[in-house]
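In: need coordinates for the following:
(chains A and B)
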Amino acid sequence: GAVVSQHPSWVICKSGTSVKIECRSLDFQATTMFWYRQFPKQSLMLMATSNEGSKATYEQGVEKDKFLINHASLTLSTLTVTSAHPEDSSFYICSGGAGVADTQYFGPGTRLTVL
Amino acid sequence: AQSVTQLGSHVSVSEGALVLLRCNYSSSVPPYLFWYVQYPNQGLQLLLKYTSAATLVKGINGFEAEFKKSETSFHLTKPSAHMSDAAEYFCAVSGGGSNYKLTFGKGTLLTVNP
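Out: Predicted structure coming up:
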């Protein structure tokens, strides 16, 4: 099956700093990538959708200046949490759409803890 | 608009027993339906998907689901539970076509008792 990786798998940072999370599709070209946030014991909340070479489309209530998304190639998307605060602590998961039967393949997630 | 309702936030079964996880959906267009499994501190793994072909879909690890349009349901079943099936299960719906957006249910935690 299609494989998506994320790096780092976990990160701890100080309040006010920025953190970058990478999402890579390893064996397919992801024309569309998605970023989700998941709070403990809850479902996934879609944050934004990005298409390669285009600006990301953010869901209502998601601050685009705080959560910067770049989809520079068909295999790489990055999420940068700028000026992180403790309330940004969460599990961030990306997924890639291969363009076949609308299946999204998910990365393993990144646990962000902001102190 | 689309939505997913998973009945039962927690299902507990004995090892070897039938697993039934319920999912009902709402969609204004013919839906694509998915079941994903999530183990603790991991991402989501695709179990199976329905994309308007056969209504009975077989997935990995012995799971299957049946699409019932009249009941707007897509319940997940497995004849015999294994300890390794303990995990969180998410049902999701998308509108198909170029709209990849998935709408997830709230998830069902499956515990398997020895």
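
In: and chain A, which residues reach chain B?
Out: Residues of chain A lying close to chain B by Cβ under 8 Å from any Cβ of the partner chain are A:1, A:4, A:6, A:32, A:34, A:42-44, A:46, A:49, A:91, A:93, A:95, A:97, A:101-109, A:111. Every residue, glycine included, has its C-beta placed from N, CA and C.

In: ok, the closest residue to A:G96 other than its chain neighbours - contacts?
Out: The shortest distance from A:G96 to any non-neighbouring residue, by Cβ to Cβ, 6 or more residues apart in numbering or on different chains, is to A:A30 (3.0 Å). If you count contacts by Cβ atoms under 8 Å, 6 or more residues apart in numbering or on different chains, A:A30 has them with A:V4, A:E52, A:L74, A:T75, A:S77, A:G96, A:G97, A:A98, A:Y105.

In: B:L18 touches B:S80, doesn't it?
Out: Yes - with contacts counted by Cβ atoms under 8 Å, B:L18 reaches B:S80, the gap being 7.3 Å.

In: and B:Q6, which helix or strand is it part of?
Out: Secondary structure from DSSP states H and E places B:Q6 in strand B:2-7.

In: is chain A contacted by that strand?
Out: No - using Cβ under 8 Å from any Cβ, strand B:2-7 never reaches chain A; the gap is at least 8.9 Å.

In: what does the next helix or strand after that strand contact?
Out: Where DSSP H and E defines the elements, the next helix or strand beyond strand B:2-7 is strand B:10-14. By Cβ under 8 Å, 6+ apart, the residues outside strand B:10-14 that reach it are B:V19, B:L20, B:L21, B:A81, B:T108, B:L109, B:L110, B:T111, B:V112, B:N113, B:P114.

In: which is the succeeding secondary structure element to whichever strand or helix holds B:L47?
Out: Under the criterion of DSSP H and E, B:L47 resides in strand B:44-50. From strand B:44-50 onward toward the C-terminus, using DSSP H and E, the following helix or strand is strand B:56-58.

In: how far is that following strand from where the chain is centred?
Out: Put simply, strand B:56-58 sits 11 Å off its chain's centre (Cα atoms, centre = their mean, to the nearest Å).

In: residue ranges for the strands of chain A, please.
Out: Listed in chain order, the strands of chain A (DSSP state E) span A:4-7, A:10-13, A:19-25, A:32-38, A:44-51, A:57-58, A:67-73, A:76-81, A:90-97, A:104-106, A:110-114.

In: pull out the buried residues from the strand holding B:Q6.
Out: B:Q2, B:V4, B:Q6 (16 or more other Cβ atoms under 10 Å in any protein chain shown).

In: please name every helix or strand in contact with that strand.
Out: Under the contact criterion of 3 or more Cβ pairs under 8 Å, 6 or more residues apart in numbering or on different chains; DSSP states H and E, strand B:2-7 touches strand B:19-27, strand B:87-96, strand B:99-104.

In: deepest of those strands, which one?
Out: strand B:87-96 (a mean of 23; mean count of other Cβ atoms under 10 Å in any protein chain shown).

In: who's in contact with it?
Out: A:43-44, A:102, B:2-4, B:6, B:21, B:23, B:25, B:27-40, B:44, B:47, B:51-52, B:74, B:76, B:100-105, B:107-110.

In: check stretch B:68-86 too.
Out: B:13-26, B:33, B:35, B:47-48, B:50, B:55, B:61-67, B:89, B:91, B:110-112, B:114.

In: hey, what's the most centrally placed residue in chain A bridged with?
Out: What sits nearest the mean C-alpha location of chain A, by Cα atoms, centre = their mean, is A:W35, with 3.6 Å. Counting by DSSP bridges, A:W35 forms beta bridges with A:A48, A:C94.
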